[in-house]
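**Q** Give me coordinates for this.
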Amino acid sequence: MRRVILAIAATAAALVLLLSFKTHTQSAAPGTSPAAALGRPAPGSGTSSGAPAPSASSAGPVSASSGPASPGRTVTGQAFPTIYGPVQVRITVAGGRITAATAVQYPQESPRDYQINSYAIPQLNSEAVAAGSAKIDAVSGATYTSHGYIGSLQNALDQLNGA
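**A** As a prediction, the model looks like this:
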């Protein structure tokens, strides 16, 4: 009988400890917004994440040749919708290679969005530059953002190739 009471008390104590456990959240430097910590415009200061934004290009039409693109050409892919909000990528191509990739629009409405995207977006940007194509791996824990990023990146590359 004594063992049963001890087991019930230990189980109750473990359950109380488990339910009172608080997870650690990442925080930005004091005085900075989550968007500013990533070097992005704050939500509401640019494009909204409510509706997909139209694609934009900084140069005229691209020829359908498979040769290298003109130096310093910047293209923004179409916003790719995800269940958390659209993701949009801007790439710069010089000498036929991706020299820079930046997510210009991505989910950042909640602290969880910020937490996920603060590590996913930089990884996706560097992978896009390293791979030079849209054949990049998704970031674990940021599957929806990764798929949106890859879709917008492919759209930007298609614009460059005239497809």
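**Q** continuing past the one helix or strand in the chain whose mean pLDDT sits lowest, what's the next helix or strand?
**A** Ranked by mean pLDDT, DSSP states H and E, the weakest helix or strand in the chain is strand 56-57, scoring a mean of 36. The first helix or strand that comes after strand 56-57 along the chain, using DSSP states H and E, is strand 73-76.
**Q** what's the nearest residue to residue 152 if we skip its chain neighbours?
**A** residue 77 (3.7 Å; CB to CB, 6 or more residues apart in numbering). In this view, the C-beta of every residue, glycine as well, is placed from N, C-alpha and C.
**Q** which stretches of this structure form strands?
**A** Here the chain has its strands, by DSSP state E, at 56-57, 73-76, 88-94, 97-105.
**Q** Tell me which of those sits most buried.
**A** The highest mean neighbour count among the strands of the chain, using mean count of other CB atoms under 10 Å, belongs to strand 88-94: a mean of 23.
**Q** Do you have the helices of the protein handy? List them.
**A** 2-19, 34-37, 111-131, 143-161 (DSSP state H).
**Q** so where is this protein shaky, pLDDT-wise?
**A** 22-71, 163 (pLDDT under 70).
**Q** do that again at 50, thanks
**A** Within the chain, the segments meeting pLDDT under 50 span 25-70.
**Q** Between the strands of the chain, which one is closest to residue 129.
**A** strand 97-105 (5.4 Å; CB to CB).
**Q** Show me what the closest one is packed up against.
**A** Judged by 3 or more CB pairs under 8 Å, 6 or more residues apart in numbering; DSSP states H and E, strand 97-105 is in contact with strand 88-94, helix 111-131.
**Q** can you redo the ones you listed as TSV with distance to residue 3?
**A** Below are those laid out as TSV (distance: least, CB to CB, whole Å):
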stretch	distance to residue 3
strand 88-94	61
helix 111-131	43
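**Q** Quick check: which of the ones you listed is nearest to residue 10?
**A** That would be helix 111-131 among those, by CB to CB, at 33.7 Å.
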